[in-house]
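Enquirer: Just need the structure, nothing else, for what follows:
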Amino acid sequence: MDAIRRIILTLCIASLVMLSSAYAQDQVETLAYERAMKLMQGENYPEAVQAFEEIVKHDPDNTQAWASLGMANHQLGNYRRALEAFKQAQQLGYYSHIIHYNIACSYALSGDHFEALAHLDSAVTAGYTNLEHIQADQELKPIRSYKRYAEIIETVRRLSSPCEYIPECRQLDFWLGHWEVYNKSKQVVGTNLIYKDLNGCMLVENWESNLGSKGKSINYYDFEHGLWRQNWVSERGYIIDYQGEFIDGAMRFNGRYADKDGNITLSRMTLTPESENRVHQLIEQSTDDGQTWSVWFEGLYIRADNPEK
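Expert: The predicted structure is shown next:
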């Protein structure tokens, strides 16, 4: 074997030894972290603290280990040490919204309410908008009486449910509820349940006639076009896509649908609130491209639980 080949072989062997060593080290670190996490999951926080301290001692850039060390100390009531670990994780780029929230909790329980409020605000600004969790979290109880806390909660409401604060998105709220629907002869022809979903950004309609037929629609405000949309589907394949606007005190939809043979029918629907407990619905159709229209359905919605019936 010539000298050059010996040198290449020696370098290859050295590289394999280094890779094997690095792989073995990675395996050791992975096992150490898994053991530490099992201690956390088993609520053995004293040993978890020791395990995570050992990890960050050898791997000071391990962001997740610092965050976990902070949480273990937090669970033990060691808030000063928890804050030190949380802030180290923060400096290393740990998820900003989560780390600010955890820091807020540690400050709240340690008695530094000003810092707790500041970090809760930062958590929300960074994207923490789980309103239900914030309001239920007992660790934030010490700061709930502050005006700033109420302001932060209002900010979270607006961020998590923006449609509830946009006037255009509330234009169809009058249709919400459980309704009995009457025809012009004052006979009940069906029921309709309309409720909000997706934090108020969508209204869902659930229609059921007395004859057993059913249909559903989703309704939402289209910001791009400045219009309302309704996508209606019945169990018999009657599908129609409406778009509309709230004009002169009524929601006015226009749409079209095609049957299985490709025949097009135009449809227009008007929903008019007559009072808090009554809504008038008129649906008209045209089969000649809008030259003539005929009434397809006219009904009066009355709230099922209302004494006006």
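Enquirer: would you list every one of the helices in the stretch 151-300 of the chain?
Expert: Applying DSSP state H, counting those that start in this stretch to the stretch 151-300 of the chain gives no helices.
Enquirer: What ranges does it have for its strands?
Expert: Per DSSP state E, counting those that start in this stretch, the stretch 151-300 of the chain carries strands over the ranges 177-182, 188-197, 202-209, 214-222, 227-234, 239-247, 250-258, 264-275, 278-286, 294-303.
Enquirer: between these, which one is nearest to A32?
Expert: Taking CB to CB as the criterion, A32 comes closest to strand 188-197 out of the strands of the stretch 151-300 of the chain, the separation being 45.2 Å. In short, each C-beta sits where N, CA and C put it, glycine included.
Enquirer: CA-only coordinates of that closest one, as PDB, when you get a sec.
Expert: Taking C-alpha atoms only, strand 188-197 is exported to PDB below (Å, rounded to 0.1, in the frame of the first residue of the first chain):
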ATOM      1  CA  VAL A 188     -95.500  25.300  11.300                       C
ATOM      2  CA  VAL A 189     -93.500  23.900   8.300                       C
ATOM      3  CA  GLY A 190     -90.200  23.200  10.000                       C
ATOM      4  CA  THR A 191     -87.500  24.300  12.500                       C
ATOM      5  CA  ASN A 192     -84.200  26.000  12.000                       C
ATOM      6  CA  LEU A 193     -81.300  26.200  14.400                       C
ATOM      7  CA  ILE A 194     -78.700  28.900  13.600                       C
ATOM      8  CA  TYR A 195     -75.600  29.200  15.800                       C
ATOM      9  CA  LYS A 196     -72.100  30.700  15.700                       C
ATOM     10  CA  ASP A 197     -69.000  28.700  15.200                       C
END
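Enquirer: thinking A82 is in contact with A67, fair?
Expert: No - between A82 and A67 no contact is recorded; they are 10.3 Å apart, counting by CB atoms under 8 Å.
Enquirer: what residues are up against the residue lying closest to S160 once chain neighbours are set aside?
Expert: Ranked by CB to CB, 6 or more residues apart in numbering and with sequence neighbours excluded, the top spatial neighbour of S160 is T129, at 4.3 Å. Contact analysis of T129 by CB atoms under 8 Å, 6 or more residues apart in numbering lists V156, L159, S160.
Enquirer: Most neighbours among those residues, please name it.
Expert: Ranked by the number of neighbours (other CB atoms under 10 Å), the contacts of T129 place V156 first, at 21 neighbours.
Enquirer: In contact with the residue lying closest to P142 once chain neighbours are set aside, which residues?
Expert: Leaving out its chain neighbours, the residue that sits closest to P142 by CB to CB, 6+ apart is A108, at 4.8 Å. A108 sits next to A116, E139, L140, K141, P142, I143 when contact means CB under 8 Å, 6+ apart.
Enquirer: Spatially, which two of the residues you listed are the most separated?
Expert: Using CB to CB, those span at most 10.8 Å, a distance reached by A116 and K141.
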